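Trainee: The sequence isn't on hand, but the structure is:
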């Protein structure tokens, strides 16, 4: 032992452990810190002296920090039983009675577009022009892309319709012949295949003068299957899970081969109403695009095939189809991006001059002799198929306000808008003697979706809590003054044949206090906590939520900053209003969401192609047959460019939903549709938000429609390929 000049120091160390807990702040919980107390005996000038020294503690472990980027999820987290809210308390002002079911106790009018399209002198002189205002542009003139990854309603409005084997009338959706020359045949089993052979009309020509034949039908179906196209509408039109191939028996006889027996949705409402494109024009394009797939040879590995299909599809979608022959009522003429799109009447349209009669019960008769159903009462609607105009011009306006101003000024005859007209704008023009305002029920919905590939959106309890916090009744009634109505069912009431009133309606009728308490209990039951240990609560005196810290997921990780994509106010002020309120309600509950409002054509690719979002708000215009219940949420459609952008994958739902592709009677399909809605209403891959009914206005002094009353309004009758109002409108 050595002596120090200041004296010999002898340490006799007794370690006493004690817990010193730092005080908790509202925002951050500081973890417990262990400090060591040391008794030191020191010799000072020969005399032992005891000193008590507290060792410097180790650095305090900071509270968990939220990730700056998205947190990937590993599958879905199942639902817990929902806490019960006493029905007697719904709408009451006092605290909702929560039953813990867990195992533990835990804007002014805009100016018109600066450079509206001016008609050519010859059109001004004598041509009949149907002038339509829109406020979004098409994204492509390539029909494969426009109905695949670029599946937007404006592409459907403005691109010329394609022909289909069968069709539905735009008034009552009566199923009728189109290219086919005979009623839908029963399916026949041939070995392992199910087949259907159908005779076609022989009087249809493409716009280049060549015959429209069974070779075009077979080519289109086989091309879609060969390139693996499931995006947009193609997964329903040509479902490769059912279609094996299609053959041209002769020029005017087509034979369909199915791997398994298709139901109504994949047969009558699927491939038989699918668009048909020109083999002569598109076959070389497909041959070139298919090179990556062909290079793989027989029986390629699945990953390699998917990659090759993606490369092939990208090449197909990039092709600009200048000079493409068409056979419908109108031919594509010109597109000036951001300004206008023009279609001219097809002088050789095969149905020109056809007269159609429809009765209130949906019975149909036309001047070619086709009859469907038994008429009851007097004829309600008579339609004269044209085209009855020479040209349709779609002028693109920046906002709904600008398009309505153009309607008032006589620049356009009608404005196409899947959202309908804002009630305030309708009131501005309802007394104009040159204009007529109409209102119809709709078959669609606006919704909030989640990216379930990311946490916490993959957790059913999180989605249910979000659904509870969104007060649809408040926004639609108080903020929007009744312009919209809250929606809870995946099949809207207007679609009476398939409506299911007993769809689970999470949060319906609750006041703000009840929503706060119910959402809190849902999250606590699922293991969520809040930073600082202080939960959000209801302040009864000030009638508001008292915020807490950020929400902590069950694994102890804070919920990261989340983005919510939604249309801008200029495109849809209703959805943008919902987005702002949802942002407010979620943030006061500790869920850090930011609403990102942008143009419609900006957010669609981010959602469906890039899938770069946490949440988004959009809308769907729906078919009458409810196969969309499966198509929006099927496992197959969870791929890039598929309709299931949120990535909801549930084997139990898959069993029920896939039945909608094979059921072959209305009764059996209805049972499955109801079951699917039970699952979707409980698991909430979408929070259904609202609908509006649809208000539309047209220049009745200038144009005449064969009817104005129809489910989803005139805008739906303008969407191809199933409807073709452009061919029936008349210019006065």
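Mentor: Cool, the structure landed. Everything quoted here is computed from the prediction, not taken from an experiment.

Trainee: And the average pLDDT for stretch 543-557 is what?
Mentor: Averaged across stretch 543-557, pLDDT comes to 93.

Trainee: who touches it?
Mentor: 26-28, 64, 66-67, 71, 455-456, 459, 512, 516, 523, 526-532, 534-539, 558-559, 587-592 (CB atoms under 8 Å, 6 or more residues apart in numbering). The way it works is simple: take the backbone N, C-alpha and C, and place the C-beta from them, glycine included.

Trainee: 7 Å instead, please
Mentor: By CB atoms under 7 Å, 6 or more residues apart in numbering, the surrounding residues in contact with stretch 543-557 are 26-27, 64, 66, 71, 455-456, 516, 526-532, 534-539, 558-559, 588-592.

Trainee: Kindly state the pLDDT recorded for residue 318?
Mentor: At residue 318, pLDDT is 95.

Trainee: And for the one 10 residues further on?
Mentor: The predicted local confidence for residue 328 comes out at a pLDDT of 94.

Trainee: What of residue 228?
Mentor: Looking at residue 228, its pLDDT stands at 93.

Trainee: What subset of the contacts of stretch 543-557 is buried?
Mentor: 64, 71, 455-456, 516, 526-532, 534-536, 538, 558-559, 588-591 (16 or more other CB atoms under 10 Å).

Trainee: Which of those fall in helices?
Mentor: With DSSP state H as the criterion, helices contain 516, 588 from among those.

Trainee: can you give me the strands in the stretch 501-650 of the chain?
Mentor: Assigned by DSSP state E, counting those that start in this stretch, the stretch 501-650 of the chain shows strands spanning 529-530, 537-539, 544-546, 551-552, 562-567, 593-598, 615-621.

Trainee: what angle sits between the longest one and strand 593-598?
Mentor: In other words, strand 615-621. 50 degrees (axes from the mean of the first three to the mean of the last three CA atoms, to 10 degrees).

Trainee: about what we covered before: could you dump the strands of the stretch 501-650 of the chain into JSON lines with distance to residue 608 added?
Mentor: As requested, the strands of the stretch 501-650 of the chain are exported to JSON lines (distance: least, CB to CB, whole Å):
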{"stretch": "strand 529-530", "distance to residue 608": "34"}
{"stretch": "strand 537-539", "distance to residue 608": "39"}
{"stretch": "strand 544-546", "distance to residue 608": "34"}
{"stretch": "strand 551-552", "distance to residue 608": "28"}
{"stretch": "strand 562-567", "distance to residue 608": "11"}
{"stretch": "strand 593-598", "distance to residue 608": "14"}
{"stretch": "strand 615-621", "distance to residue 608": "9"}
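
Trainee: So the protein: which segments form each domain?
Mentor: As given by automatic domain parsing, the domain ranges for the chain are 1-63, 127-142+328-339+346-353+381-440+698-732, 162-318, 443-624+684-691.

Trainee: and the first one, average pLDDT?
Mentor: Looking at domain 1-63 alone, the average pLDDT works out to 37.

Trainee: now swap in stretch 401-420 and tell me
Mentor: For stretch 401-420, the per-residue pLDDT averages 90.

Trainee: what's in contact with it?
Mentor: So stretch 401-420 is contacted by 109-113, 116, 130-135, 153, 157, 395, 397, 400, 425, 429, 432, 435, 572, 621, 692-699, 702-703, 715, 718 (CB under 7 Å, 6+ apart).

Trainee: Out of the residues you listed, which sit inside helices?
Mentor: Within the contacts of stretch 401-420, residues falling in helices by DSSP H are 153, 157, 400, 425, 429, 715.

Trainee: From these, pick the one nearest residue 216.
Mentor: The nearest member of those to residue 216, counting by CB to CB, is residue 157 at 24.3 Å.

Trainee: Could you pull up the residues touching that closest one?
Mentor: Residue 157 makes contact with 134, 416, 718-719, according to CB under 7 Å, 6+ apart.

Trainee: Good, wrapping up.
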